[in-house]
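[1] can you look at this prediction? I've put the sequence above it.
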Amino acid sequence: MNARQYGNCLVTALGVLLAGLILTGCRKAGGPPQRPAPEVAVTVIKPERLTLSAELPGRVSAYLVAEVRPQVSGIIQKRLFEEGGDVKAGDLLYQIDPAFYEAAYASAKASLARAEANVPPIRLRAERYKELVDIKAVSQQNYDDVTAALKQAESEIGIAKAAMETARINLAYTGITAPISGRIGKSAVTIGALATAHQAVPFTTIQQLDPVYVDAPQSSANLLRLKRDITNGTLKSDVMNQAKVRLLLENGTSYPLEGVLKFSDVTVDPSTGSFILRMIFPNPDHVLLPGMFVRVVIEEGVIEQALLVPQQGVARDPKGNPVALIVNAEGTVQQRMLTLDRAIGNKWLVTAGLKAGDQVIVEGMQKARPGAPVKIGPSDIGQKDRPADVKPVQPADKAE
């Protein structure tokens, strides 16, 4: 091979090598680019002291209720109260015509006087007969007869006294008085109406409104859970020993005075699976009225090391179980199955599945995949609005 041929071969080889390098570079430039790790916002789980409370629907009822009915019959002469006003125990409410009962009392009083007048002569005769019978001046039969007559006359006095007392009581019943102190309702009768003793329809009703009762149904299942948590030490509670309770009124405002849990019913309603809790509340301004709907907030107890996770950090798997995505120490994503107790504001109380120090993804969950690396963004990212793909979880769901 001469020098000319050698030069041609060298040029050809360089051209082939250059072409191969160009093709390799083109293939690399046209390949898929390397994706950066997605950015997420996390919250660090920290134990905190949490006071648990239950909110229950309730109804207000009067502390005392008295239906006013007549004890004797007669025509009503007077009504001596203002409807809707306050009355005190013993206040005169109605006056029934007393004329008939005054006459009956006078007659009974006279009968007593007559019975008492009959006793002295019979007693003297019995004393004389006793002396005479000892000397056989009168027969034993005569003495027995006069002794029996004396006992009968004395018993007539007892009967007359009882009759007079009955007449006195009936006369007193013509004035119908308030049996309790409280607020009186409307009157069902007017002046001139006929009152019948022990009639079915009451004249009016008096209700004591300070204090008042509030009755609220509580699930028996919740009671069992509460007792279990208290027994195992998870919850420190005094709910069974006159716990303090608060009220929310119908308009959403808080009632300013606290109440006390008095007792729980001993029977569970089989149709609802609940029992009644009864609270007592002071009501000096009569804000709470019988029949009013309220919401009762009962402090169940305190959890010293509660774990709370924001609601936007909890989603559901295809089976409907609550799950959370955790960023581990290596910066990769892990999925955790959770057990939730209840909602506390905008957070869930977690009883299983998380521990202190876990980094829960609260934003960017749609971009994070289990096992894939992520980049933790600034803490203020987690303060943005909840992503549209994160669905709220219903309370008290348990992971299988």
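    Now that the structure is in, tell me what you want to look at.

[2] which elements pack onto the longest strand that the chain contains?
    Counting residues, the longest strand found in the chain (DSSP state E) is strand 48-68. Packing partners of strand 48-68 (3 or more Cβ pairs under 8 Å, 6 or more residues apart in numbering; DSSP states H and E): strand 182-184, strand 204-219, strand 274-281, strand 293-310. Just so you know, the C-beta spots here come from the backbone N, C-alpha and C atoms, and that holds for glycine as well.

[3] let's see 6 Å
    Strand 48-68 is packed against strand 204-219, strand 293-310, with contacts defined by 3 or more Cβ pairs under 6 Å, 6 or more residues apart in numbering; DSSP states H and E.

[4] name the residues that touch that strand?
    179-180, 202-208, 211-216, 288, 290, 292, 294-304, 306 (Cβ atoms under 6 Å, 6 or more residues apart in numbering).

[5] quick one, it and strand 274-281 angle?
    80 degrees (axes from the mean of the first three to the mean of the last three Cα atoms, to 10 degrees).

[6] pLDDT of strand 48-68, averaged?
    Averaging pLDDT along strand 48-68 gives 87.

[7] quick check: next helix or strand after that strand?
    strand 74-79 (DSSP states H and E).

[8] what residues of the longest helix seen in the chain count as buried?
    Counting residues, the longest helix found in the chain (DSSP state H) is helix 99-134. By neighbour count on 16 or more other Cβ atoms under 10 Å, the buried set for helix 99-134 is 100-101, 104-105, 108, 111-112, 115, 118-119, 122, 125-126, 129, 133.

[9] surely Glu82 is within a strand?
    No: counting by DSSP: H, G, I helix; E, B strand; the rest coil, Glu82 is not found in a strand; it is coil.

[10] ok, now how distant is Ala306 from Gly313?
    Using Cβ to Cβ, to the nearest Å, one gets 16 Å for the distance from Ala306 to Gly313.

[11] next one: Ser181
    Going from Ser181 to Gly313 by Cβ to Cβ gives 56 Å.

[12] those two: which is more packed in?
    Neighbour count, other Cβ atoms under 10 Å: between Ser181 and Gly313, Gly313 has more, with 26 against 16.

[13] hang on, the more buried one packs against Glu363?
    No: using Cβ atoms under 6 Å as the test, Gly313 is too far from Glu363 to be in contact (8.5 Å).

[14] where does the stretch 51-200 of the chain have low pLDDT?
    By pLDDT under 70, the stretch 51-200 of the chain has no low-scoring segment.

[15] report all helices and strands that the strand or helix carrying Ile157 contacts.
    For Ile157, the host element (DSSP H and E) is helix 140-173. Judged by 3+ Cβ pairs under 6 Å, 6+ apart, helix 140-173 is in contact with helix 99-134.

[16] and the helix it packs on, how far from the chain's centre?
    65 Å (Cα atoms, centre = their mean, to the nearest Å).

[17] and it, what other elements does it pack with?
    Partner elements for helix 99-134 (3+ Cβ pairs under 6 Å, 6+ apart): helix 140-173.

[18] next, the contact list for Gln77, please.
    Contacts of Gln77 (Cβ under 6 Å, 6+ apart): 95, 97.

[19] what about Arg342, how many neighbours?
    13.

[20] cool, and Val201?
    With neighbours defined by other Cβ under 10 Å, the count for Val201 comes to 9.

[21] ditto for Gln152
    Gln152 has 12 neighbouring residues, counting by other Cβ under 10 Å.

[22] A strand includes Glu250, no?
    No: looking at Glu250 with three-state DSSP, it is coil, so not inside a strand.

[23] number of nearby residues for it?
    9.

[24] next: Leu56.
    20.

[25] same question for Asp358.
    Residues near Asp358, counting by other Cβ under 10 Å: 21.

[26] I'd assumed Val44 was in contact with it.
    No: using Cβ under 6 Å, Asp358 is not in contact with Val44; the gap is 7.4 Å.

[27] okay, domains of the protein per the record?
    39-48+305-383, 53-62+209-304, 70-96+176-201, 99-173 (automatic domain parsing).

[28] show the end-to-end separation of the longest one, please.
    With Cα to Cα, to the nearest Å as the measure, the first residue of domain 53-62+209-304 is 14 Å from its last.

[29] next: the third one.
    End-to-end distance for domain 70-96+176-201, by Cα to Cα: 10 Å.

[30] just stretch 129-147 next, same as before
    End-to-end distance (Cα to Cα), stretch 129-147: 9 Å.

[31] for that stretch, which outside residues touch it?
    By Cβ under 6 Å, 6+ apart, stretch 129-147 touches 125-126.

[32] residues near Lys136, how many?
    The number of residues near Lys136, taken as other Cβ under 10 Å, comes to 8.

[33] same check on the one 3 residues further on?
    As a burial measure, the neighbour count of Ser139 was computed by other Cβ under 10 Å and equals 12.

[34] ok, now Pro36?
    Neighbours of Pro36 (other Cβ under 10 Å): 8.

[35] name the nearest residue to it, ignoring sequence neighbours.
    Lys375 (7.5 Å; Cβ to Cβ, 6 or more residues apart in numbering).

[36] name whatever forms a beta bridge with the one you found.
    Beta-bridge pairing for Lys375 (DSSP bridges): Glu39.
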